[in-house]
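Peer 1: sharing a sequence plus its predicted fold:
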Number of protein chains: 2
Amino acid sequence: MKEFEFIKLLKEKCKGCGSTPGIGDDAALFDNFLVANDIVCEGIHFLKATPAEHVVLKVFSANISDIAAMGGTPKYVLLGIAVPKAREGEKKNIIEAIKKSAGLYDVEVIGGDTTSASNDLFVSLTVIGKKGRFLLSRSGAGEGERVYLSRPLGLARISLEKELGADFDIDAFKHYKMMAEKELGEVLGNVGTVTSCIDISDGLGRDASHLSEESGVKIVIEEKRLPFSHLKQFDVDKVDYFINSGEEFALLFTAKKEHAVDSYLKDNGFEVHDIGYTQKGSGVFLSNGAKRISISSKGYEHK
Amino acid sequence: MKEFEFIKLLKEKCKGCGSTPGIGDDAALFDNFLVANDIVCEGIHFLKATPAEHVVLKVFSANISDIAAMGGTPKYVLLGIAVPKAREGEKKNIIEAIKKSAGLYDVEVIGGDTTSASNDLFVSLTVIGKKGRFLLSRSGAGEGERVYLSRPLGLARISLEKELGADFDIDAFKHYKMMAEKELGEVLGNVGTVTSCIDISDGLGRDASHLSEESGVKIVIEEKRLPFSHLKQFDVDKVDYFINSGEEFALLFTAKKEHAVDSYLKDNGFEVHDIGYTQKGSGVFLSNGAKRISISSKGYEHK
């Protein structure tokens, strides 16, 4: 049974457990709080050789990003961590990393659990956040809206490939240091004109397709609008890397052009890129002048 | 670095992250909610041969029990689960176990995460509960109060030893099925006369000593008051097994005699055993007529 089948079956089976009105996409809603949980496992999400402190920051970012994508403000975290004998010597660094990550995101560690592990490092993080004035979701985008991206993408993938052995001039652990858009998410959750939002965890193509499917609109990304300058120094297919880089934790969101969310955000010191538009239909397309390539399910493929 | 040192250092280091007023003992408080997180790891908390469905119920019970011990009502859970290849075939049973456990405790699965694992099964559960009218803690017991236990203890240890190979006539997985006192905890959190509460996770001796330390009172357990009949069929030191059986998830609580909490609870269909009293001083003692044995730190030791 594959992961997505497991989750699907769990969702079906647990329908009988009740249903929370307003269960979100990245996080679940209860009362005025949002909550999300992410787990990472050695050998699956990171290498045996990866220092645990990098893993800690990443699991914080992944969780904080889930709250940001729904327009909330992360407040509290609970950390569950199982440490194998081989990483015994890293425990002090792990604690420092927890302190540092909590400080960076201004969240409070209010609980958790720690244990030994037989073989692999395992980290679970639960984050609880306050809902903003508006609950952002993947399903609110309408036709004729603009699509915004909070920052350029691609470096997470280049860094990951470096860690896996590729010859790039980049910090091999940079992808563990991609920060979640905590402040931006908070602002977006209080601006009434943002219609939908998602964070970039699977890559721009795939995450845009979640948004497209849930909202029932077609998304067109205009290649000429994508900011590529940060990729210039790397010998890669820039479009490919921009569109297929996961765990970037940037935010992708939609709003009506006339509401000028981009101007408002720029005026308030946030970076924002207007990269495309929605229209009637379905799927996600990359538009390059006359050509349109589907990047819905598989992302962008090398030519 | 041992587990308790790790937690202690984490607590110290994370002081700078802020402090939630009312952080609890078993669960943390935010707003009107209680939250707890427990993790279990194959090879540490359960055997490679233990069916995952038993592990799932136990991790639910451990978490629900944390909320019960603080007088709250568990409402929502988030489950993080990493499944190794060797347990691939158990995935359907795991989902059934999640559904069943959520049903037994009437809690809603509102989120979580699932992944493959390299070697070991790993389960993380976060439970969120509503605070009762009163927040129960370990620190509220005064002198001259009665000490109550919700049910007889000992079978969890006997069953655990059976699973580990001992020759007892008992279900080797019974200790995975010890239920948390969800309903009792809820009632205790709404009765204004309960002064302190803890769940039995480390054993009566050790958990009573947490309560004793936090409250600053001496606890005297009267041996003649302990209900032993359920242990008659087993060839064990009954006092030892009663006092040193962990993960029983029974509740231990204190109240003034004149408030007759025990009568009130019995009238409402709850089992409750008046097993001793508090007095000025410190430590936990087992009283057997004239003799008093300290059972504070190490529990009760075989003669």
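Peer 2: Arrived safely, thanks for sending.

Peer 1: check the residue of chain A most remote from its centre and give its pLDDT.
Peer 2: Of all residues in chain A, residue A:85 has its C-alpha farthest from the mean position, at 31.3 Å, by CA atoms, centre = their mean. Listed pLDDT for residue A:85 reads 93.

Peer 1: let me see the contact set for it.
Peer 2: By CB atoms under 8 Å, 6 or more residues apart in numbering or on different chains, the residues touching residue A:85 are residue A:116. C-beta: built from backbone N, CA, C; applies to glycine.

Peer 1: quick check on it: phi, psi?
Peer 2: The phi/psi pair for residue A:85 (degrees, to the nearest 10) reads phi -50, psi -40.

Peer 1: measure it to residue B:235 for me?
Peer 2: In this view, residue A:85 and residue B:235 are 37 Å apart by CB to CB, to the nearest Å.

Peer 1: what segments of chain A are helices?
Peer 2: A:3-13, A:52-68, A:91-104, A:155-163, A:182-188, A:204-215, A:238-243, A:261-267 (DSSP state H).

Peer 1: how about those in JSON lines, adding distance to residue A:149?
Peer 2: Listed next are the helices of chain A as JSON lines, based on distance: least, CB to CB, whole Å:
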{"stretch": "helix A:3-13", "distance to residue A:149": "25"}
{"stretch": "helix A:52-68", "distance to residue A:149": "14"}
{"stretch": "helix A:91-104", "distance to residue A:149": "22"}
{"stretch": "helix A:155-163", "distance to residue A:149": "14"}
{"stretch": "helix A:182-188", "distance to residue A:149": "11"}
{"stretch": "helix A:204-215", "distance to residue A:149": "7"}
{"stretch": "helix A:238-243", "distance to residue A:149": "10"}
{"stretch": "helix A:261-267", "distance to residue A:149": "10"}
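
Peer 1: just say which of the ones you listed is most tucked in.
Peer 2: helix A:52-68 (a mean of 26; mean count of other CB atoms under 10 Å in any protein chain shown).

Peer 1: what residues are up against the residue in the stretch 201-303 of chain A positioned nearest to chain B?
Peer 2: Nearest residue of the stretch 201-303 of chain A to chain B (CB to the nearest CB) works out as residue A:201 at 11.8 Å. Residues in contact with residue A:201, defined by CB under 8 Å, 6+ apart, are A:62, A:65, A:207, A:246-249.

Peer 1: mind listing the strands in chain A by residue range?
Peer 2: A:28-30, A:33-41, A:73-84, A:108-117, A:122-130, A:146-149, A:194-199, A:218-222, A:251-255, A:273-279, A:284-288, A:291-294 (DSSP state E).

Peer 1: before we move on, the earlier item: of all the helices of chain A, which lies closest to residue A:138?
Peer 2: Nearest of these to residue A:138, taken as CB to CB: helix A:204-215 at 3.9 Å.

Peer 1: hey, what's the angle from the closest one to strand A:273-279? Just curious.
Peer 2: 40 degrees (axes from the mean of the first three to the mean of the last three CA atoms, to 10 degrees).

Peer 1: only alpha carbons, please: show helix A:204-215 as PDB.
Peer 2: Coordinates of each C-alpha in helix A:204-215 appear next as PDB, following Å, rounded to 0.1, in the frame of the first residue of the first chain:
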ATOM      1  CA  LEU A 204       5.400  24.900  -7.900                       C
ATOM      2  CA  GLY A 205       3.800  22.700 -10.700                       C
ATOM      3  CA  ARG A 206       2.400  20.200  -8.300                       C
ATOM      4  CA  ASP A 207       1.300  22.600  -5.600                       C
ATOM      5  CA  ALA A 208      -0.300  24.900  -8.100                       C
ATOM      6  CA  SER A 209      -2.200  21.800  -9.300                       C
ATOM      7  CA  HIS A 210      -3.600  21.100  -5.800                       C
ATOM      8  CA  LEU A 211      -4.800  24.700  -5.800                       C
ATOM      9  CA  SER A 212      -6.200  24.400  -9.300                       C
ATOM     10  CA  GLU A 213      -8.100  21.200  -8.500                       C
ATOM     11  CA  GLU A 214      -9.500  22.300  -5.100                       C
ATOM     12  CA  SER A 215     -10.600  25.700  -6.600                       C
END
